[in-house]
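Trainee: Need coordinates for the following:
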Amino acid sequence: MTSGSMLAAVIDTETTGLYSQDRIVEIGIVLMELTTGEVVEEFETLINPKRDIGPTRIHGITASMVADAPRFDEVAADIASLIDGHFLAAHNLPFDQRMLANEFSRLGVPFDPGRGICTLSRSGMRLDLACEDYGIELINAHTALADARAASLLLRALLIAEANMYGELDLVAVPASVSVPAAFRSMRTAGLRRLDAAAHAPSEPLQRTHHVELTSDNPRVLPYLDLLGMALSDLVLSDDEMAELRSEAERLGLGPSEMAGAHAQAINSLSGALGESPGSADGQFLGAIAERLDVGTASTAEPRGSAVAGAVCFTGDISVNGQFLTHEDLEEMARAAGWQVASGVTKKKCSLLVADDVGSQSGKAHKARQFGIDIVNGDQFVALLNSTTWAPPSINDDGTSLVGFMPAKRISLADPTGVREWATHNGFSVGVRGRLRSEVVDAWNEAHPDLPYNPIYR
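Mentor: Modelled structure (predicted):
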């Protein structure tokens with residue numbers, strides 16, 4: 001690479017999740033001449049992942065929006081033409097280039113990301129905070145092209161602020177290399193912009209998420225903290241997320257002390273942001289996360305006074321681990337853990353509402369917000385079921401709630417993806433989605449008595 005011409009392909013991806021098996025649902029690329037700041041070309045498209053769409057609450061993309069979007073193989077040639085021969089840049093480059101590598105790998109296309117530049121490691125801040133610090137306007141955050149544009153402007157600002165970065169890039173930057181066979185024809189005109197898709201299938205408003213503050217003197221820790229923050233945005237840390245975090249730490253070469261420091265920082269950051277009492281739903285989620293990350297938390301004294309045990313209520317279709325369960329199923333799970341169940345949301349009888357999305361606009365959800373009742377989603381509900389110390393807050397005679405602590409029966413649920421893989425391997429015919437047939441569930445539970453798929457199917 002010569003200092004006379006430095007072309008960077010600044011990328012951002014929105015994905016169905018954080019794992020190696022997850023897919024890209026939107027990509028934005030800004031091809032920029034770094035010495036002048038000139039934008040040579042921009043590209044954006046939604047991508048149909050041919051699976052569930054992932055955390056709509058974060059990226060705002062719905063299944064309807066990607067229904068007519070191209071698959072990755074249909075835009076692979078376009079993406080390759082913009083990144084081949086140019087060095088990559090992104091805000092958390094390890095994550096975005098890993099998602100790209102996985103997509104190209106599925107197509108059997110060789111992809112070498114080279115050595116690019118990570119604006120997260122360079123700035124030491126989340127993208128929104130870095131943009132604020134450098135006076136960059138970030139509009140429509142969590143849309144791929146908007147984030148790629150912001151990252152490109154941030155990269156340019158960092159280069160101006162650190163003049164020696166140009167020489168450094170000359171010495172260490174290695175362009176990406178990807179060669180897409182001629183069979184993958186260019187589909188540039190077939191790309192689907194989010195704005196166009198939203199005109200026919202409106203996007204969802206982004207829901208409340210929880211941010212982990214990204215600060216570290218160690219640039220290798222920052223991408224890990226960013227991934228950890230994405231995993232903790234819903235205050236649930238699954239086995240799959242733990243496995244992916246361990247893999248990311250290994251890829252980044254992080255040692256136990258560096259991981260422990262990152263975990264403690266994440267818990268402290270969330271604790272300060274939540275400002276919740278330890279007995280609240282969010283407080284208990286945080287406690288469960290801290291336990292999984294082996295981070296010590298302050299103990300909570302048992303509340304005083306007697307009260308009638310509170311109850312949990314359910315609204316709308318609710319999914320757990322991507323599998324929709326009936327209200328009868330969910331109610332039986334709650335009762336098995338020793339909880340009471342309420343049929344409606346009232347100030348005196350209900351102390352927790354479970355919905356498929358915490359931003360639900362159902363009548364029950366409106367009432368819950370009016371009464372100050374916690375709302376959780378299906379996965380968070382199961383996380384609370386698995387808590388050994390939490391039960392729905394008790395309700396006093398005057399309708400006020402007290403934090404309720406009681407031993408809760410631990411219900412361990414197997415991952416539906418693992419059950420499907422096991423069933424297929426053992427000769428059962430199962431689809432990629434939908435409720436598993438009772439004979440599959442019974443066979444799994446018989447073979448795995450210590451890890452039932454769901455005890456309510458017995």
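Trainee: Flag the shaky bits of the stretch 51-200 of the chain, pLDDT-wise.
Mentor: Residue ranges of the stretch 51-200 of the chain with pLDDT under 70: 57, 163-171, 185-190, 195-200.
Trainee: The same query, at a cut-off of 90, please.
Mentor: Low-confidence segments of the stretch 51-200 of the chain, defined by pLDDT under 90: 51-68, 121-130, 132-133, 137-143, 159-173, 179-200.
Trainee: in it, which spans are strands?
Mentor: Using DSSP state E, counting those that start in this stretch, the strands of the stretch 51-200 of the chain run over 87-90, 111-112, 117-118, 177-178.
Trainee: now those as CSV including distance to residue 218 and mean neighbour count?
Mentor: For every residue, glycine as well, the C-beta is placed using N, CA and C. Formatted as CSV, these follow (distance: least, C-beta to C-beta, whole Å; neighbours: other C-beta atoms under 10 Å):
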stretch, distance to residue 218, mean neighbour count
strand 87-90, 19, 26
strand 111-112, 26, 18
strand 117-118, 13, 23
strand 177-178, 29, 18
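Trainee: Rebuild those as TSV, extending it with distance to residue 311.
Mentor: Shown next, in TSV, are those (distance: least, C-beta to C-beta, whole Å):
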stretch	distance to residue 311
strand 87-90	47
strand 111-112	53
strand 117-118	48
strand 177-178	56
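Trainee: Quick one, which of those strands gets closest to residue 254.
Mentor: Between residue 254 and those, the tightest spacing by C-beta to C-beta is seen for strand 117-118, at 14.9 Å.
Trainee: just to revisit the earlier point, figure out which of the strands of the stretch 51-200 of the chain is closest to residue 374.
Mentor: Minimum separation from residue 374 across those (C-beta to C-beta) falls at strand 87-90, 36.0 Å.
Trainee: got a list of contacts for that closest one?
Mentor: 1, 6-12, 96-97, 113-119, 148, 151-152, 155, 169, 173-176 (C-beta atoms under 8 Å, 6 or more residues apart in numbering).
Trainee: Among those, the buried ones, what's the ChimeraX command?
Mentor: Selecting the buried subset of the contacts of strand 87-90 in ChimeraX, with 16 or more other C-beta atoms under 10 Å as the burial test, is done by:
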select :1,6,7,8,9,10,11,12,96,97,113,114,116,117,118,119,148,151,152,155,169,173,175,176
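Trainee: Walk me through the domains of the protein.
Mentor: Listed by automatic domain parsing, the domain ranges of the chain are 7-200, 221-292, 311-405, 416-457.
Trainee: one step back: so which of the contacts of strand 87-90 are in helices?
Mentor: Of the positions in the contacts of strand 87-90, 96-97, 119, 148, 151-152, 155, 169 sit in helices, assigned by DSSP state H.
Trainee: would you list these in JSON lines and tack on distance to residue 320?
Mentor: Output for the ones in helices among the contacts of strand 87-90, formatted as JSON lines (distance: C-beta to C-beta, whole Å):
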{"residue": "96", "distance to residue 320": "29"}
{"residue": "97", "distance to residue 320": "32"}
{"residue": "119", "distance to residue 320": "37"}
{"residue": "148", "distance to residue 320": "34"}
{"residue": "151", "distance to residue 320": "35"}
{"residue": "152", "distance to residue 320": "40"}
{"residue": "155", "distance to residue 320": "41"}
{"residue": "169", "distance to residue 320": "47"}
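Trainee: wait, which of the residues you listed is closest to residue 330?
Mentor: Residue 330 lies nearest to residue 96 out of these, by C-beta to C-beta, at 36.6 Å.
Trainee: What distance do you get for the nearest residue to the closest one once chain neighbours are set aside to residue 429?
Mentor: Nearest residue to residue 96 in three dimensions, chain neighbours excluded: residue 90, at 4.2 Å (C-beta to C-beta, 6 or more residues apart in numbering). Noted for residue 90: a distance of 41 Å to residue 429, by C-beta to C-beta, to the nearest Å.
Trainee: What segments of the stretch 1-150 of the chain are helices?
Mentor: According to DSSP state H, counting those that start in this stretch, the stretch 1-150 of the chain carries its helices in the segments 56-59, 63-66, 72-83, 93-106, 119-123, 127-133, 144-161.
Trainee: I should have written the stretch 351-458 of the chain there, sorry.
Mentor: With DSSP H, counting those that start in this stretch as the criterion, the stretch 351-458 of the chain has helices at 363-371, 378-385, 416-425, 438-447.
Trainee: Pipe the ones you listed into TSV and attach mean pLDDT per row.
Mentor: Shown next, in TSV, are those (pLDDT from 0 to 100):
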stretch	mean pLDDT
helix 363-371	82
helix 378-385	79
helix 416-425	76
helix 438-447	80
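Trainee: Residue 335: what's it in contact with?
Mentor: Residues in contact with residue 335 (C-beta under 8 Å, 6+ apart) are residue 341.
Trainee: just so I know, which of the helices of the stretch 1-150 of the chain lies nearest residue 333?
Mentor: helix 56-59 (22.9 Å).
Trainee: Who are the packing partners of that closest one?
Mentor: The helices and strands touching helix 56-59, judged by 3 or more C-beta pairs under 8 Å, 6 or more residues apart in numbering; DSSP states H and E, number zero.
Trainee: hmm, who's touching stretch 219-229?
Mentor: Under the criterion C-beta under 8 Å, 6+ apart, residues 18, 92-95, 118, 120-122, 124, 126, 211-212, 214, 216, 244-245, 248-249, 252-254, 258-259, 261-263, 265-266 lie in contact with stretch 219-229.
Trainee: Now it: buried residues?
Mentor: Of all the residues in stretch 219-229, those buried under the rule 16+ other C-beta under 10 Å are 220-229.
Trainee: Good, we can wrap up now.
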